[in-house]
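Enquirer: with the input below, show me the fold.
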Amino acid sequence: MHYVWKHKIFPLKMLQTTLWVGNIEVHTLASDWMRHGHDKDAAYDNVILHVAETVDCEVFRANGAPVPQLQLSCPESVRQRYDELSHAEIYPPCYSILSSLPKLTVHSWLSALQVERFEQKAHVIAARLERCNNHWEDVFFITLARNFGFGLNGDAFEAWANHLPFRAVDKHRDSLFQVEAFFLGQAGLLEEDIFDMSSLDVSDIIQLGGTILYTARCLEFKKLEYQMKGAEICRKHGIDGIVVIGGDGSFNGASRLSEQGINTIGVPGTIDLDIACTEYTIGFDTAINTAMEAIDRLRDTSESHERCSIVEVMGRTAGHIALWTGIASGAEYILTTEEYHGDIQRIITKIQDRRKMVKKNHIIVNAEGIGNSNEMAKVIELATGVETRATILGHIQRGGNPTCKDRVYASAMGARAVELLCEGASNRVVGYHNGEFKDYDIQEALAMTKGLEPYLFHIMKKLTTRG
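Expert: Numbers count the residues shown, from 1 in each chain. Here you go, the predicted structure:
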């Protein structure tokens with residue numbers, strides 16, 4: 001019907017009795033006016049004539065005024081040609097009749113189409129240029145990305161390019177991989193405290209304790225809005241994969257980022273050895289060696305002064321450090337979070353019995369989760385008469401030069417994490433089990449439980465006077 005109206009394929013005398021000035025609305029059925037909601041849209045109140053092939057009802061403007069209608073019939077020849085073109089099996093549908101047209105007509109038509117096509121493309125590029133603040137490289141990058149999507153995926157590729165600034169891609173011009181670092185972990189990500197790193201930046205740090213990136217708790221990252229913000233920042237900077245080093249809290253954050261479309265791999269870095277999916281966590285070996293050396297020194301002074309020394313090691317919810325350092329230092333008593341239930345009288349009795357056997361010093365390794373080491377020392381000294389001192393090692397266990405084992409395992413776990421990212425994996429955590437470096441789903445890993453190693457606990461009871 002639009003074609004019929006545009007090309008005036010109807011008796012013009014139907015309109016010659018009146019001067020018409022205004023907008024015309026064309027439908028196949030008059031009732032399409034209501035079906036399209038024009039009767040409720042004030043924008044259509046300026047329509048002066050409603051043209052329809054079939055006038056099956058009256059139509060009204062939003063203000064209630066009736067709209068004049070004109071019924072036009074579609075010529076049979078036009079309808080037949082429409083059906084032929086609509087059901088043509090070749091493209092373009094009019095291809096079969098081109099040969100019958102004058103060459104000048106076809107040439108003019110094709111030239112006009114070409115100019116129209118160039119104008120359309122120019123308008124699109126001009127709009128992109130304005131949106132990109134006249135940065136031609138950004139415009140070229142977006143245009144190229146759209147063309148890579150061809151017709152079917154062009155919109156998706158262009159949307160991707162709009163979210164990935166060209167400068168983020170350009171800095172990878174000479175390398176397939178670029179390492180970015182976040183100062184202060186997730187908190188640094190939210191603040192966009194991000195910088196490039198190269199092999200030179202880490203070439204002389206393997207012997208250092210702590211972290212050159214620093215660390216901080218980020219409670220905001222527990223909220224969805226900040227997780228979405230973090231993912232958007234990653235996309236803004238062209239970051240498509242993250243290695244997260246830490247414990248349960250860090251891995252929960254990594255899993256949330258993975259849900260937002262950012263590939264994440266966790267590496268267990270905690271001195272407490274409390275990640276259930278792995279037999280080893282980075283930092284544990286250094287921590288227990290630091291504690292063991294401190295206890296060895298305390299043993300010397302305890303021996304010379306005939307004292308009882310209570311040494312409190314780290315481990316709020318897990319007693320692995322206490323168990324390992326206690327066995328390694330030959331402690332007389334090892335109190336772990338999992339097994340000690342406050343029976344201090346039993347310890348007092350053992351000290352009294354050993355003193356009768358001329359035992360001159362006593363070492364008690366106490367886990368941080370039990371605590372109260374100073375109060376415990378007062379009770380023991382009062383009950384036994386043996387001078388008792390409490391030493392809380394605290395955060396010295398978190399520092400110092402890493403041991404050989406920590407350096408090697410950290411290197412292997414980090415390498416495996418990068419390999420997983422290159423394979424397209426996400427929401428995984430690297431672990432060590434039965435002599436192999438493996439990976440697990442983060443949520444499955446967090447759901448696992450882990451107690452003290454049964455055999456080590458067994459020999460602890462045999463080697464100490466714990467009873």
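Enquirer: point out where the stretch 301-450 of the chain drops to low pLDDT.
Expert: Residues of the stretch 301-450 of the chain meeting the criterion pLDDT under 70: none.
Enquirer: can you name the residues that contact residue 368?
Expert: Residues near residue 368 by CB atoms under 8 Å, 6 or more residues apart in numbering: 312-316, 337. Yep, even glycine has a C-beta here, placed from its N, CA and C like the rest.
Enquirer: quick check: pLDDT value at the closest residue to residue 198 other than its chain neighbours.
Expert: In space, not counting the residues next to it along the chain, residue 198 is nearest to residue 179; the distance is 7.3 Å by CB to CB, 6 or more residues apart in numbering. On the pLDDT scale, residue 179 is placed at 86.
Enquirer: same thing with the one 4 residues further on?
Expert: Confidence at residue 183, expressed as pLDDT, is 87.
Enquirer: any idea how many residues pack against it?
Expert: Neighbour count for residue 183, taken as other CB atoms under 10 Å: 16.
Enquirer: do you know how far it is from residue 220?
Expert: Residue 183 sits 16 Å away from residue 220, going by CB to CB, to the nearest Å.
Enquirer: tell me how many other residues surround residue 62.
Expert: As a burial measure, residue 62 scores 14 neighbours (other CB under 10 Å).
Enquirer: residues touching it, list them.
Expert: 39-42, 44-45.
Enquirer: out of the residues you listed, who has the most neighbours?
Expert: Busiest of these [other CB under 10 Å] is residue 44, holding 19 neighbours.
Enquirer: residue 48 should be in a strand, yeah?
Expert: Yes. Residue 48 forms part of a strand when assessed by DSSP: H, G, I helix; E, B strand; the rest coil.
Enquirer: any idea of the pLDDT on the closest residue to it other than its chain neighbours?
Expert: Counting by CB to CB, 6+ apart, residue 48 lies nearest to residue 22, which is 3.3 Å off, once chain neighbours are set aside. In this prediction, residue 22 carries a pLDDT score of 76.
Enquirer: what does the one 4 residues further on give?
Expert: pLDDT recorded at residue 26 is 90.
Enquirer: spatially nearest residue to it, not counting backbone neighbours?
Expert: Spatially, and ignoring its direct neighbours in sequence, residue 26 is nearest to residue 51 (4.6 Å; CB to CB, 6+ apart).
Enquirer: same question, residue 149
Expert: Excluding its sequence neighbours, the residue lying closest to residue 149 (CB to CB, 6+ apart) is residue 157, at 3.2 Å.
Enquirer: and residue 150, how many neighbours does it have?
Expert: If you count neighbours by other CB under 10 Å, residue 150 ends up with 9.
Enquirer: report pLDDT for it.
Expert: With respect to pLDDT, residue 150 scores 82.
Enquirer: who does the residue nearest to residue 26 form a beta bridge with?
Expert: Beta bridges link residue 51 to residue 26, residue 70 when assigned by DSSP bridges.
Enquirer: what about residue 144, which helix or strand?
Expert: Using DSSP states H and E, residue 144 sits within helix 136-148.
Enquirer: residue boundaries of the helices in the stretch 51-200 of the chain?
Expert: For the stretch 51-200 of the chain, the helices defined by DSSP state H, counting those that start in this stretch occupy 76-86, 95-98, 103-131, 136-148, 150-163, 166-170, 185-190.
Enquirer: winner for burial among those helices?
Expert: Neighbour counts (mean count of other CB atoms under 10 Å) averaged over each of the helices of the stretch 51-200 of the chain peak at helix 185-190, with a mean of 22.
Enquirer: what comes into contact with it?
Expert: Applying CB under 8 Å, 6+ apart, the contact partners of helix 185-190 are 182, 194, 213-218, 220-221, 226, 229-230, 233-234, 244, 246, 250, 253.
Enquirer: so how far is residue 273 from residue 303?
Expert: In this view, residue 303 and residue 273 are 30 Å apart by CB to CB.
Enquirer: between those two, which is the more surrounded one?
Expert: Neighbours were counted for residue 303 and for residue 273 using other CB under 10 Å; residue 273 has more, 25 against 13.
Enquirer: that one falls within a helix, correct?
Expert: No. Assigned with three-state DSSP, residue 273 falls outside any helix and is coil.
Enquirer: list the contacts of residue 287.
Expert: 271, 314, 321, 397-398.
Enquirer: no wait, residue 455
Expert: With CB under 8 Å, 6+ apart, residue 455 has no contacts at all.
Enquirer: check which helix or strand covers it.
Expert: Residue 455 belongs to helix 454-463 when assigned by DSSP H and E.
Enquirer: that helix: how far from the chain's middle?
Expert: Centre-to-centre, helix 454-463 and its host chain are 42 Å apart (CA atoms, centre = their mean, to the nearest Å).
Enquirer: kindly report the same for stretch 447-465.
Expert: Centroid separation for stretch 447-465 versus its chain: 37 Å, with CA atoms, centre = their mean.
Enquirer: what of stretch 119-136?
Expert: Its chain's C-alpha centre and that of stretch 119-136 lie 32 Å apart, by CA atoms, centre = their mean.
Enquirer: repeat for stretch 245-259
Expert: Remark: stretch 245-259 is offset 9 Å from the chain centroid, using CA atoms, centre = their mean.
Enquirer: got the CA coordinates for that stretch in PDB?
Expert: This file holds the C-alpha atoms of stretch 245-259, laid out as PDB (Å, rounded to 0.1, in the frame of the first residue of the first chain):
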ATOM      1  CA  ILE A 245      46.800 -15.700  45.200                       C
ATOM      2  CA  GLY A 246      45.300 -16.200  48.700                       C
ATOM      3  CA  GLY A 247      42.900 -18.300  50.800                       C
ATOM      4  CA  ASP A 248      39.200 -18.800  51.100                       C
ATOM      5  CA  GLY A 249      38.200 -15.100  51.000                       C
ATOM      6  CA  SER A 250      40.300 -14.500  47.900                       C
ATOM      7  CA  PHE A 251      38.900 -17.500  46.200                       C
ATOM      8  CA  ASN A 252      35.300 -16.500  46.900                       C
ATOM      9  CA  GLY A 253      36.100 -13.200  45.200                       C
ATOM     10  CA  ALA A 254      37.700 -15.000  42.300                       C
ATOM     11  CA  SER A 255      34.600 -17.200  41.800                       C
ATOM     12  CA  ARG A 256      32.400 -14.100  41.800                       C
ATOM     13  CA  LEU A 257      34.500 -12.500  39.100                       C
ATOM     14  CA  SER A 258      34.300 -15.700  37.100                       C
ATOM     15  CA  GLU A 259      30.500 -15.400  37.200                       C
END
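Enquirer: which SS class is residue 244?
Expert: Using three-state DSSP, the structure places residue 244 in strand.
Enquirer: the closest residue to it other than its chain neighbours: what's it in contact with?
Expert: Among residues not flanking residue 244 along the chain, residue 254 sits closest, at 4.1 Å (CB to CB, 6+ apart). Residues counted as contacts of residue 254 (CB under 8 Å, 6+ apart) are 242, 244, 264-266, 427, 429, 442.
Enquirer: what is the end-to-end distance of stretch 427-439?
Expert: In stretch 427-439, first residue to last residue: 10 Å (CA to CA, to the nearest Å).
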